[in-house]
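J.: Need a 3D model of the following:
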Amino acid sequence: MPELPEVELGARLLREASAGRAITAITTRHPVYARSLPPADAARATGHTIVDVTRRGKHQLATLDDGGVLEFHFGMTGEWIAGRQNSPAEAFARLTIDFSDGSRITLADSRALGTARYHAAGTPVLAGLGPEPLSPEFSAASLGESFRRRRGPVKVALLDQSVVAGLGNIYAAEALWLAKIDPRTSAAALGPVRRARLVQAIRHVLKRAPAAHYTDRERGTREWRVYDREGKPCRRCGSRIARLVQATRSTYYCPHCQRR
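T.: Numbering: from 1, shown residues only. Now for the predicted structure:
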């Protein structure tokens with residue numbers, strides 16, 4: 001599933017394919033996308049130029065020359081594919097944006113779990129998201145404030161986008177392994193030292209992610225330290241990696257060197 005590094009890569013690709021280009025048509029090609037971006041909203045963005053593309057959490061924000069914003073979320077399987085308007089249709093094309101120079105960018109999404117939305121100029125966008133994990137605002141103190149009343153597992157708390165924006169299942173498991181914290185530990189029980197260690201671990205795994213360096217995203221599956229390695233030896237202590245289900249998601253951890 002696309003997480004912060006993969007979404008950042010998507011934002012870069014969208015920026016390269018669209019910045020400075022005038023939109024001539026936005027076409028939704030699946031009912032899910034048509035519900036989140038109705039034809040009337042697509043028409044409001046058409047005719048405008050994309051002046052910049054940024055990322056906020058797991059969302060990509062294309063700012064238009066009138067101050068409006070197109071917001072995209074990849075869901076589980078979304079990705080951008082740049083091409084030309086006269087090229088054959090991409091497999092699993094759910095939304096296309098055509099530009100005045102004849103280029104086109106397609107949002108392909110095999111499971112159709114993504115979304116696209118239009119926000120008029122001056123409308124708040126994603127106001128409920130937490131701090132970006134690579135920003136100075138994300139710290140042991142901010143994590144402590146978010147965790148203060150959370151008695152549930154720290155792994156589940158980390159997936160709440162109001163706690164930290166952009167972190168997902170894979171990198172949460174990787175960061176907890178690196179910080180030597182058991183994913184079942186109560187979030188509220190983490191003291192300042194372990195919170196500081198967790199913040200550094202989150203930053204480390206996100207910066208290390210293959211997608212953060214424009215490399216083949218599939219290569220990452222061979223580099224995980226704990227994710228998807230059930231039954232394999234821990235890369236730190238040699239014990240067998242275990243798996244449990246938390247909030248319907250698989251969590252991988254080392255029962256020996258990740259402590260509560």
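
J.: what's near enough to touch Thr123?
T.: Val69 (Cβ atoms under 8 Å, 6 or more residues apart in numbering). (C-beta placed from N, C-alpha, C; glycine too.)

J.: Tell me the spacing between it and Arg44.
T.: Distance check for Thr123 against Arg44: by Cβ to Cβ, to the nearest Å, it reads 12 Å.

J.: Over to Leu158?
T.: The spacing between Leu158 and Arg44, counted by Cβ to Cβ, is 36 Å.

J.: follow-up on the earlier one: need the residues touching each of Thr123 and Arg44.
T.: Counting by Cβ under 8 Å, 6+ apart, nothing touches both Thr123 and Arg44.

J.: before we move on, the earlier item: Leu158 and Arg44: who's more crowded?
T.: Ranked by neighbour count (other Cβ atoms under 10 Å), Leu158 and Arg44 place Leu158 first, with 26 against 18.

J.: from memory the more buried one sits against Glu174, does it?
T.: No - the pair Leu158 and Glu174 does not pass the contact test of Cβ atoms under 8 Å, sitting 11.0 Å apart.

J.: got the contact list for the helix ranked longest in the chain?
T.: Once the chain is assigned using DSSP state H, the helix that runs over the most residues is helix 192-208. The contact list for helix 192-208 (Cβ under 8 Å, 6+ apart) reads 4-5, 133-134, 138-141, 143-144, 147, 154, 158, 164, 166-167, 171-172, 174-176, 178-181, 190, 212.

J.: Which residues does Thr63 form beta bridges with?
T.: Thr63 has these beta-bridge partners by DSSP bridges: Asp52, Val69.

J.: Okay, helices next: where are they in the stretch 151-260 of the chain?
T.: 154-158, 169-178, 192-208 (DSSP state H, counting those that start in this stretch).

J.: Let's have those helices in TSV, adding mean pLDDT and distance to Ser239.
T.: Shown next, in TSV, are the helices of the stretch 151-260 of the chain (pLDDT from 0 to 100; distance: least, Cβ to Cβ, whole Å):
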stretch	mean pLDDT	distance to Ser239
helix 154-158	98	19
helix 169-178	97	12
helix 192-208	96	19
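
J.: Tyr227: which of these is closest?
T.: Among the helices of the stretch 151-260 of the chain, helix 169-178 comes nearest to Tyr227, with 4.9 Å by Cβ to Cβ.
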